[in-house]
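Chemist: quick one: sequence and predicted model below, then my questions.
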Amino acid sequence: MMLAGYAGKLLRVNLTASVCTLEDVDPKIARKFIGGAGYSAHLLYTEVPAKADPLGPDNKIIFSTSPLSENLVPGGGSVMVCFKSPQTNAWGESRCGGNFGPDMRRAGVDFIVVEGKSDTPKFLSVINGCAQLHDAAPIAGKTVYEKTDWLEENILKDVARGSAMTIGPAGENMVKFSSVMLRDRAAGRGGGGAVLGSKKLLAVCVGGNQKAGHGDKKRFLAATRHAMKTVRSDEMRDGFHKYGTIGDMAANDEDGDWPTKNWKSNSWGKGPELFDMFQEKNLVRANGCYSGCPIACGRIVQVKEGPFATPVHEGGEYESISAFTAFVVNKDMNAAVHCDYLCNDMGMDTISSGAVIGFAMECMERNLLPPELLGGLDLEWGNPDVLPKLLKMICNREGLGDLLADGVKVAAEKIGRGASEFAVHVKGLEGPAHDGRSGKVLAVAYGTANRGMCHIHPLEGMAFDRGKMDWGMQKHGVRDPETVGRWDEKGKGTDCALLQDGMVLPDILTTCKFMSYAGLSPDLWLEMLNATTGWDMTEKELIRVGSRTLNLQRLFNVREGLGVADDQLPSRVKKVPEFGSYKDTPECGIRNYDQMLKEYYESRGWDLATGIPNTDTLENLGLSEYAEGIDVK
């Protein structure tokens, strides 16, 4: 039976047996979890054994779409990549913008489940429902750009609409924060590249001309037009388009939302001049990451000449540039743009890359690194010349780079002598370029996000506290942000839990979260979803899908041994900054995190002592069947 809104197929790729099998998408699971990080949570929880080695054959990695993975949908050019993370040994997910998601559905599949492990390097092609594994010898050891060029010329050349996602040499070397790349775009965080590298699957190509059917095509087209009009008329859209994500750099610096010098401060004072430098010397033009994007927040950038000369490419994102400026107090914007490009080409997460270098610089400052490990590297704070050198060492796992390639948590444990005190991470995932001292909902989100210290999966909390955005969630119990002080702590745990249930929806619908900033609230997502699937889902039910997904991901983490201790924040990120504009502002410090976490657990219906969802919570969300073997109370 046709499943409206879906291609209707799941492709299972068993690398051990070198077999590809098409299966039907389960209609009951689709209604319960929809797609993206939701459907993938069901698959990973039910198919990956507890305590499986993230880099072993029992782990699986899933490329996931949803009924809204269409170019007509605002933000519909996305794909979710979900796996057990080698960085955290817990839930891992990462979204990638671009046309891969819609092209995957044109290939005739909604989900690609990769399992097992190949003896030799392979790549996968899925063209109009035909899946094949190929010898990857021609691309093995190549960079992301080299792999992508070869695949586009040799596999996708005659495909009307097609895309290729690859890993770079960092993924082949199983750097634990290596990415899965769509040329310049990344499923960046958590180490999905290392998971594919461990399986020796170097690339996935998709394409074709198949179309998913709609429950009510006329209604769906009207709903997408309504959504597009909403986005295009929103003033936030204009800012994103004109300045990109990097346009927030100056304001974030001013507002204490810019982690600096390995989180010693939440501001630096260099944001405005660095942004002006970028606009003047590096920006080429704006760019949409997928065909039909109404915002086009991407930046085409370059470094024309000099020691950091870099070809024209898509880059210049706020997080990436911050990682190679504020994180390491580097004032050379050309160096930052160049390092961003190198990470793309090598296939490494820019956030974790900048974070591990900042950590290494502080280790050097504290005389914790022996000379033989340094190998003559000058790790003084702010030295731009060492950045590309160390990135290449990390990619190739050479010297100090080999130590850093496992992330700050593992590196600090190996170094010892107090290094863990300034290794900034939650659950093993390094902190990004937003600071919980700018608004306390973000602090709770950092502690409780299932994939670790993440600002956007599922919630960019500072936009509630600083930006006064509610994303249409007041009707679901969230307080009016205009009535809440950003440094207030009472009630922020509850606000965080409620907001997460709504803001995880783009991760489930595999859409770009920035569309929610430009006016797409849950009711508009629902309007499109119901039209294409033929469902009669209510907005309350849609929010429950968000809560159900987050709770199942939590069960995944509980089963892996995570608990309350893993929801704690590093002590450094709670302290009043050591320098900068907020060093004399004690209220920005996170004073009573445990109370906010208690509120969060109570709002979620989790046991306060263990952090495990309780019996009533699981029953209400239809998750009781998943709790076998877990000490639920």
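Modeler: It's in.
Chemist: so what touches stretch 529-543?
Modeler: Contact with stretch 529-543 is made by 4-6, 31, 34, 67-68, 212, 214-216, 219-220, 222-223, 475-476, 501-502, 505, 509, 522-523, 525-526, as judged by CB atoms under 8 Å, 6 or more residues apart in numbering. Every C-beta, even on glycine, is put in place using the N, C-alpha and C of the backbone.
Chemist: does residue 220 touch residue 528 like I think?
Modeler: Yes: under the criterion of CB atoms under 8 Å, residue 220 makes contact with residue 528 at 6.6 Å.
Chemist: please name the residues that touch the spatially closest residue to residue 177 that is not a sequence neighbour.
Modeler: Nearest non-adjacent residue to residue 177, counting by CB to CB, 6 or more residues apart in numbering: residue 352, 3.7 Å away. Residues near residue 352 by CB under 8 Å, 6+ apart: 87, 177, 189, 407, 429, 430.
Chemist: show me the two of the residues you listed that sit farthest apart.
Modeler: Between any two of the contacts of residue 352, the greatest separation by CB to CB is 11.1 Å, found for 189 and 407.
Chemist: between these two, who's got more neighbours?
Modeler: A side-by-side neighbour count of residue 189 and residue 407, using other CB atoms under 10 Å, places residue 189 first with 29 against 25.
Chemist: please tell me how far the more buried one sits from residue 352.
Modeler: Separation of residue 189 from residue 352 (CB to CB, to the nearest Å): 7 Å.
Chemist: joint contacts of the two?
Modeler: Shared contacts of residue 189 and residue 352 (CB under 8 Å, 6+ apart): 177, 429.
Chemist: can you map out the helices along the stretch 351-500 of the chain?
Modeler: In the stretch 351-500 of the chain, the segments counted as helices under DSSP state H, counting those that start in this stretch are 371-374, 386-396, 400-404, 408-415, 440-448, 462-465, 492-503.
Chemist: so where is the stretch 151-300 of the chain shaky, pLDDT-wise?
Modeler: The model of the stretch 151-300 of the chain has no residue with pLDDT under 70.
Chemist: in it, which spans are strands?
Modeler: Using DSSP state E, counting those that start in this stretch, the strands of the stretch 151-300 of the chain run over 162-166, 180-182, 185-187, 201-207, 283-287, 298-303.
Chemist: need the winner for burial among those.
Modeler: strand 180-182 (a mean of 30; mean count of other CB atoms under 10 Å).
Chemist: check which helices and strands it is in contact with.
Modeler: Other helices and strands packing on strand 180-182, by 3 or more CB pairs under 8 Å, 6 or more residues apart in numbering; DSSP states H and E, are strand 91-97, strand 162-166, strand 185-187, helix 192-199.
Chemist: mind putting the ones you listed into TSV with distance to residue 10?
Modeler: As requested, the helices and strands packed on strand 180-182 are exported to TSV (distance: least, CB to CB, whole Å):
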stretch	distance to residue 10
strand 91-97	17
strand 162-166	18
strand 185-187	19
helix 192-199	18
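Chemist: domain assignment for this structure?
Modeler: According to automatic domain parsing, the chain comprises the domains 1-425+552-560+606-633, 430-551+561-605.
Chemist: how far is the first one from where the chain is centred?
Modeler: This means domain 1-425+552-560+606-633. What separates the centre of domain 1-425+552-560+606-633 from the centre of its chain is 5 Å, taken as CA atoms, centre = their mean, to the nearest Å.
Chemist: can you list the buried residues in stretch 313-332?
Modeler: 313-330, 332 (16 or more other CB atoms under 10 Å).
Chemist: do stretch 159-177 as well
Modeler: Buried positions in stretch 159-177, judged by neighbour count with 16+ other CB under 10 Å: 159, 161-177.
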